[in-house]
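*Asks:* give me coordinates for this.
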Amino acid sequence: KKYLDLFIGPPKHPKKDHILFEKFKKRKGYTVVSGGTTANIIARELGESVVVDLCNYDRSLPPIGKIKGVNLVTEGLLTLNKVVEILKNDSIENYPKEDGAVKIINIINSCTNITLHLGKAINNAHQNPDLPEEFNLKAKVVIELKKILLFMGKTVEIEEL
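*Replies:* Here you go, the predicted structure:
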């Protein structure tokens with residue numbers, strides 16, 4: 001078994017950031033942090049910095065980042081949408097870029113067991129925070145990703161924060 005812990009978004013309440021970090025400390029294998037706020041929480045708790053990597057940046061997706069002790073740091077919703085789009089509609093071999101989405105897919109392809117740690121905070125830049133939770137765009141993408149991963153034969157669970 002090969003494990004991936006994918007941390008997507010911060011907890012709904014900032015007072016629960018410590019729960020995110022506790023789950024992070026218990027990760028079993030590969031670690032991907034998706035989203036700027038989530039990356040900043042993890043970096044802060046590790047006493048590290050998020051370093052943005054502009055070497056392969058081509059404007060189609062936000063650049064990836066690095067935190068010591070984390071396999072991959074990406075932007076959140078745009079990158080995850082691209083992961084879902086590629087997995088649903090294309091072969092990764094037909095996607096020549098080495099952006100955050102492709103890097104996530106490469107890690108997914110090498111893992112058997114995937115835990116999606118879904119933070120329930122609403123990003124005002126993505127949607128109206130006054131809408132009901134069932135309209136949460138991030139949650140919809142994560143549910144779609146889970147369906148695809150299950151179809152791929154992965155063992156997948158979602159843990160909400």
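
*Asks:* from here on, just use CA atoms for contacts and neighbour counts.
*Replies:* OK.

*Asks:* low-confidence stretches in the protein?
*Replies:* Applying pLDDT under 70 to the chain picks out residues 96, 123-136.

*Asks:* can you give me the strands in it?
*Replies:* For the chain, the strands defined by DSSP state E cover 3-8, 30-34, 51-53, 64-66, 72-74, 113-118, 155-160.

*Asks:* using TSV, lay out these together with mean neighbour count and distance to residue 17.
*Replies:* Shown next, in TSV, are the strands of the chain (neighbours: other CA atoms under 10 Å; distance: least, CA to CA, whole Å):
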stretch	mean neighbour count	distance to residue 17
strand 3-8	24	12
strand 30-34	23	14
strand 51-53	14	21
strand 64-66	22	20
strand 72-74	26	17
strand 113-118	21	12
strand 155-160	15	12
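
*Asks:* got the ones you listed as CSV, with distance to residue 41 columns?
*Replies:* Converted to CSV, these look like this (distance: least, CA to CA, whole Å):
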stretch, distance to residue 41
strand 3-8, 11
strand 30-34, 10
strand 51-53, 14
strand 64-66, 13
strand 72-74, 12
strand 113-118, 14
strand 155-160, 16
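
*Asks:* out of those strands, nearest to residue 15?
*Replies:* strand 155-160 (14.9 Å; CA to CA).

*Asks:* just checking, what packs against that closest one?
*Replies:* strand 113-118, helix 137-151 (3 or more CA pairs under 8 Å, 6 or more residues apart in numbering; DSSP states H and E).

*Asks:* so which of those is the most surrounded?
*Replies:* Sort the helices and strands packed on strand 155-160 by mean neighbour count, taking mean count of other CA atoms under 10 Å, and strand 113-118 sits at the top with a mean of 21.

*Asks:* what about dumping the CA coordinates of it to CSV?
*Replies:* Presented in CSV, the C-alpha positions along strand 113-118 are these (Å, rounded to 0.1, in the frame of the first residue of the first chain):
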residue,chain,number,x,y,z
ASN,A,113,-4.8,4.7,-0.5
ILE,A,114,-5.8,8.3,-0.6
THR,A,115,-7.2,10.5,2.2
LEU,A,116,-8.7,13.8,1.1
HIS,A,117,-8.6,16.2,4.1
LEU,A,118,-11.3,18.7,3.2
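
*Asks:* direction included, what does it pair up with?
*Replies:* Counting by DSSP bridges, the strands paired with strand 113-118 are strand 3-8 (parallel), strand 155-160 (parallel).
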